[in-house]
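> Any chance you can model this:
(chains A and B)
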Amino acid sequence: MRYKDTGEVHMDFHLATNETIEYVLSEYGQDFLTELFRRTAQNVYRDIYNGLKNGDSQKLIEHWSYYYTREKGAFIITEGANEVSFHVTECPAVRHLLANKIPVNREFYLQMELMNNAWSEDTPFNIETSVLSEGEYTMTIRRTSNDSQ
Amino acid sequence: MIPSDHFVRMYNELFKMLEEKGHSHLQNYWRRIASLQKTILGPYIKKDGLKGMYDYWEHIRIEENCDANLEITDDFFEFRMNKCPSLSKALDNDAGAFEFYCDHCAGWVKPVVEDYGYHYSSDIISRTEPVCVMRIYKDKKKAKEYNQTHILPAKPY
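Modelled structure (predicted):
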């Protein structure tokens, strides 16, 4: 893994992410937020993105598994013929907002959706994000073509 | 989910995008995060002043895995960063660090402490080495005197 943090976790950064999403949407709109997550997905997580472009989704699965585990979230991975489903049953970020009595707006989930859209851009994958209930969602990586870049 | 550990690298990208729109856009974002920061740090200061700051940043030192020394005197609270995890992550980043990355820290702490009547003084020292010193003074004159000793004073606004 390109980034693999250890030690303590400062969960309050989720509050700042929530505040940032609200601020960017209200001041600059969704296109700006989309561009922020595109740069994050493709430039910061270049290693994961290059893997996807080359037809390898394992680095992304490994990244999700590591960080949802590190933050004591709960998830189930299901593998099918052409897809891998990462089903988050307890999102640590949502849990932390709720613990701080901060309502979780639909916009908070844009961080997953926009990151996944950006990760799948120009790759042989589609990554579908479906919010099921508060703190529960699936992220399904589906191979849509055999082409890799 | 953007992992807590990676918020730093995400907002590093936001800093770049806001700076592209003009520096005032970046400053406005810092002020917004300062408002959030006030809801978290504020109660510590309100309750215990400099001792409250010490308690807050001791908690930060542990949670954010900082290599840092904290000191409290009759005049000021000092947070001396020997290895900043935040700048370290921004530098260890395939997208590259924003040129004025370090300024955000003063950007979202200075307004909070000033709201409680304290005076902020911070020496960034270097933008490429993860070391810095922040002091928060009771007395404005002493904060200004300390400013004169800085290698690279933080001037977020």
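> show me where the chain has helices.
With no chain named, the answer covers chain A. Listed from the start of the chain, chain A has helices (DSSP state H) covering A:13-28, A:30-39, A:46-53, A:58-70, A:92-99, A:110-120.
> please go with chain B instead
Secondary structure of chain B (DSSP H): helices at B:7-21, B:23-63, B:85-91, B:103-115, B:140-147.
> Enumerate every residue touching the closest residue to residue B:3 other than its chain neighbours.
Nearest-residue entry for residue B:3: residue A:67, 3.9 Å, with adjacent residues in sequence omitted and distances by Cβ to Cβ, 6 or more residues apart in numbering or on different chains. Every C-beta, even on glycine, is put in place using the N, C-alpha and C of the backbone. The contact partners of residue A:67, by Cβ atoms under 8 Å, 6 or more residues apart in numbering or on different chains, come to B:1, B:3, B:5, B:6.
> Buried ones among these?
Judged by neighbour count, with 16 or more other Cβ atoms under 10 Å in any protein chain shown as the criterion, the buried members of these are B:1, B:3, B:5, B:6.
> Grab the two from these that are most spread out in space.
Using Cβ to Cβ, the two most remote members of the buried ones among the contacts of residue A:67 are B:1 and B:5, lying 11.1 Å apart.
> Tell me how many other residues surround residue 110.
Going with chain A. Using other Cβ atoms under 10 Å in any protein chain shown as the criterion, residue A:110 is surrounded by 19 other residues.
> was after chain B, sorry
Applying other Cβ under 10 Å, we find 23 other residues in the vicinity of residue B:110.
> quick one: pLDDT of it?
Per-residue pLDDT puts residue B:110 at 97.
> For it, which non-adjacent residue is spatially closest?
Using Cβ to Cβ, 6+ apart and skipping residues adjacent in sequence, the residue nearest residue B:110 is residue B:120, 4.1 Å away.
> Could you double-check that the one you found lies in contact with residue B:105?
No: under the contact definition of Cβ atoms under 8 Å, residue B:120 does not touch residue B:105, with a separation of 10.3 Å.
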